[in-house]
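Colleague: what follows is a predicted structure for the sequence shown.
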Amino acid sequence: MTDVMRSSMEKARPALIGLSAVVLAIVVLTGMLLSMWYVPSSEPVRSSDGTLQTLVTSTRLLRSGPYTDTVFASKESPQLAPALGGEPVLSAAQSSIRVSIHNAPHGTTVRRIHYWMSDLLLGLLAVLLLVLGALRTFETDRRSWLRFLSLTLLAVAGGWSGRILVDDVYAEISRRVMGHELSNAPLGGIITSVLGIEPGALLLARTYSVHGFLLGVLGLLMITPDVRQILREASRPPLLSMGLLIALGVSFVSVRDWGLRDAVRGLAGWEHVTPWWGIAPFRSWSLWLGSELAGYVAGLLGGLLVTLPFWHRKMPRRSVSLFLTLLLVMVLAGLLFGN
C-alpha cells in the first residue's frame, strides 16, 4: 500500500465511523417511532365481532342482512375489511405495517427512512471493515477491530430479522429457507431459537425483541467509544447534516411490498423471491457447499477473523493478507454469482 493510499484511508476512517454512528442513531430513532404502531404477532386480525380481516385498496360494500355499509380505501389509504372467500387474511404484524403505519402521520416516510438507512448502515460498516483491514487495525487497535467486526455481523442479523417482521410472503419464504438451513448448520438450532424462527414455532415477538436489542442497544454501545474520539478532534466533517440529508433523500424512495401472507391458510400462491443482499453471500455458499459444510466453513473462517488480533504475529504478513483477500473474494463471489 502506498503512503497516499494509507493517508486517504486514515482520513476516511473517522468519517466512516461518524457517519455510521449518525445513520445508526437514525435507524434506532425511526425504529422507536415505528414501534408505536407495530404489533409483533403472526395471529390473524379479527374485527370486534370475530370476523377475519383482509386488506382492501378500493371501495367495498359490506352487506349484513338489510343493511349496507361502505369501506372507502385506496392505495394511499388502505383499510381493513371482512375477508371474502379466497382472500388472504392479514396477520396482526402485516396489518400494523400495511394499514396502521401506512395511515399514521408520516408513517410511510418513517418506514422508508428506517428501511433504506438500515441498508446504508450495513454498506458503510462493510466499507469501514475493508478500510480497517487494509490499515491492519487488528495490529494497532485490537478493541476497535473486534467492535466493528461484531457490529457488522449484528447489522446483518438486525437487517434480516427486520425484514422478517413484515410477515408477508417474502418474510415467510425467507424465514422457512433460513430456518431450514440453520437447523442443518452447527449451532443453528440455538440461532433459530434465539431469533424465534424455529420451524413450527415461529415467534415474531421474540424476533422483534432481538431485532431491537441488536441494533438499538448493542450497536450504540459498540460504536460510542470511537464516536467520543471523533468528537474530541478539532476538525470533523458535518456528519449529522450529511446523515439527515441522506435520510431526507431516501424518504422519497418507495419500499417494495410483497404479496400478503395468509395468516390462516399459510402462503397464498407462489412468488419467486431473491435473498436480501446482506445475506446473499451466505445463502450462495450454503447452496454451493450444502448447509452443514457451509456452516462449518463459516464457523472456521469467522473464528479466524475474530481471533485475528491474537494470532497474526505468529504468521507472515503475506499470509494474513492472503487470508483477508480470500474472505473478500468469497463474499464478492457469493454476492455476484449467487441465485
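Modeller: Happy to help now that I have it. Numbering: from 1, shown residues only.
Colleague: list the buried residues of whatever helix or strand L62 lives in.
Modeller: Taking DSSP states H and E as the criterion, L62 maps to strand 60-64. Along strand 60-64, the positions that meet the burial threshold by neighbour count (16 or more other Cβ atoms under 10 Å) are R60. From N, CA and C alone the C-beta is placed, and that goes for glycine too.
Colleague: that one: partners in the sheet, and parallel or antiparallel?
Modeller: Strands that pair with strand 60-64, judged by DSSP bridges, come out as strand 67-71 (antiparallel).
Colleague: chain center to the strand it pairs with, what's the gap?
Modeller: 41 Å (Cα atoms, centre = their mean, to the nearest Å).
Colleague: send me that strand as PDB with only the CA atoms.
Modeller: In PDB, the C-alpha atoms belonging to strand 67-71 read as follows (Å, rounded to 0.1, in the frame of the first residue of the first chain):
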ATOM      1  CA  TYR A  67     -78.000  -3.100   6.000                       C
ATOM      2  CA  THR A  68     -75.200  -1.900   3.700                       C
ATOM      3  CA  ASP A  69     -72.000  -0.200   4.800                       C
ATOM      4  CA  THR A  70     -69.200   1.200   2.700                       C
ATOM      5  CA  VAL A  71     -65.400   1.000   3.200                       C
END
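Colleague: hmm, who's touching that strand?
Modeller: The set of residues external to strand 67-71 that reach it, using Cβ atoms under 8 Å, 6 or more residues apart in numbering, is V56, T59, R60, L61, L62, R63, Q79, A81.
Colleague: what about the strand holding L62, average pLDDT?
Modeller: Throughout strand 60-64, pLDDT has a mean value of 78.
Colleague: and P88, what is it in contact with?
Modeller: Contacts for P88 were tallied using Cβ under 8 Å, 6+ apart; they are T54, G259, L260, R261, D262, A263, R265, A268.
Colleague: that one in helix, strand or coil?
Modeller: coil (DSSP: H, G, I helix; E, B strand; the rest coil).
Colleague: which one of the contacts of P88 is nearest E43?
Modeller: Ranked by distance to E43 (Cβ to Cβ), the contacts of P88 are led by A263 at 6.9 Å.
Colleague: that closest one contacts S42, correct?
Modeller: Yes: with contact defined as Cβ atoms under 8 Å, A263 and S42 form a contacting pair (6.4 Å).
Colleague: I appreciate the help and will end here.
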